[in-house]
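*Asks:* Requesting a structural model of the entry that follows:
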Amino acid sequence: MSDTAVAAPEKLTKKQLSADHPTWCPGCGDFAVLASFFKVLEKLQIPQEKIVTIAGIGCSSRFPYFVNSHGLHFIHGRALPLATGVSLSRPDTHVFVFGGDGDGFSIGGNHLEHCARKNINLTYVIMDNYVYGLTKKQTSPTSRIGYKSKTDPTGAIDRPVNPMRKLISAGATFVARSHASQVKHMMAMYERAILHPGFSVVQTLSECVIFNPGSFDDSIPRKGGVFETIDEKKWDDTPEDAERHDVTNDVSAYQLAEDQYPGKFGVFYEEDRPTKNVLEQKWIDASQEKIGDAKAADLLRKRFAMMK
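*Replies:* Next comes the predicted model:
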């Protein structure tokens, strides 16, 4: 038996997590999102080798370049299918997906719904700036009616997507909303999302100061707006608690999401439901037991043989 002591794992720090220097435009809200993400990882001390960041296409999707961890950059709108594969095949990792409103609610909107209903164990941060910024100002799924862009020079006429309602109705088990100008709130939402077992999504309003400046002024107190947070139930049997929001009630959450501009911030919905990861592993274990604990490669060979 060796007398050599096993060294304690090195404490995870922002310095270790930082990779390339962020290249967003000066004043972009995504800087605050990245800094908050680093702070939460430092607090939770997730092993660096267990962190996986995945993104599609867009300004916000540059995240994997800036985080020193396992990282994957995929095609526009397809980050979630790739992340699903990583989550299911490597359940020991913490999978984080980053994207914008175009990547999440338009090009990847169908994948968002299926990830939600299947309850894949991963965390999705959607940095919503109400515009396609990387391609220089086109109307996005969340652009407000009247917004003038290169695709709508006279002003957008289509009704924008309501992200909270879309996520709640699709079956996401953790749905929250935050703001890049409110760092403490953003960190609290990210921490709860990471600790939630299942598909957790945090829509984060992140201003594009170049192509959509002032778009979130109505929710920034220092600019005359109101940052109204959700008052969650405390279950303390007080008269005041009767008026507070029950995050486990999907109908209440859906109603709360009606006011989109500026809307409220916090956790809209949280549900404890088995993840696809857990359910699929049970199915795999049961199948292997029936055939004598065969290895996965053997199962594949038998399946391919049946297909001939």
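
*Asks:* Specify the local secondary structure of the residue at minimal distance from the centre of the chain.
*Replies:* Centroid check for the chain by CA atoms, centre = their mean gives residue 124 as the closest residue, at 1.6 Å. Following DSSP: H, G, I helix; E, B strand; the rest coil, we place residue 124 in the strand state.

*Asks:* and it, what are its bridge partners?
*Replies:* residue 97, residue 201 (DSSP bridges).

*Asks:* Just list the residues touching it, thanks.
*Replies:* Residue 124 makes contact with 80, 83, 96-99, 104, 112, 115, 199-202, according to CB atoms under 8 Å, 6 or more residues apart in numbering. Using the backbone N, CA and C atoms, a C-beta is placed for each residue, glycine as well.

*Asks:* What of residue 172?
*Replies:* 116, 119, 199, 200, 201, 269.

*Asks:* Domain map for this structure?
*Replies:* 14-273, 275-308 (automatic domain parsing).

*Asks:* tell me the mean pLDDT for the shortest one?
*Replies:* The pLDDT scores in domain 275-308 average 85.

*Asks:* Quick one: end-to-end length of it, please.
*Replies:* 34 Å (CA to CA, to the nearest Å).

*Asks:* buried ones in that domain?
*Replies:* Going by neighbour count (16 or more other CB atoms under 10 Å), the buried part of domain 275-308 is 275, 276, 277.

*Asks:* From residue 137, how far off is the last one?
*Replies:* Spelled out, that is residue 277. Using CB to CB, to the nearest Å, residue 277 is found at 39 Å from residue 137.

*Asks:* So which residues of the stretch 51-200 of the chain form helices?
*Replies:* 63-66, 79-89, 101-102, 109-118, 163-170, 183-195 (DSSP state H, counting those that start in this stretch).

*Asks:* And the strands in the chain, which stretches?
*Replies:* 51-55, 70-73, 94-100, 122-128, 174-179, 199-205, 266-270 (DSSP state E).

*Asks:* Mind pulling the model confidence for residue 60?
*Replies:* Note for residue 60: predicted pLDDT of 92.

*Asks:* How about the contacts made by the nearest residue to it once chain neighbours are set aside?
*Replies:* Excluding the flanking residues, the one nearest residue 60 by CB to CB, 6 or more residues apart in numbering is residue 127, at 3.9 Å. By CB under 8 Å, 6+ apart, the contact list for residue 127 reads 29, 30, 33, 59, 60, 98, 99, 100, 101, 180, 204, 206.
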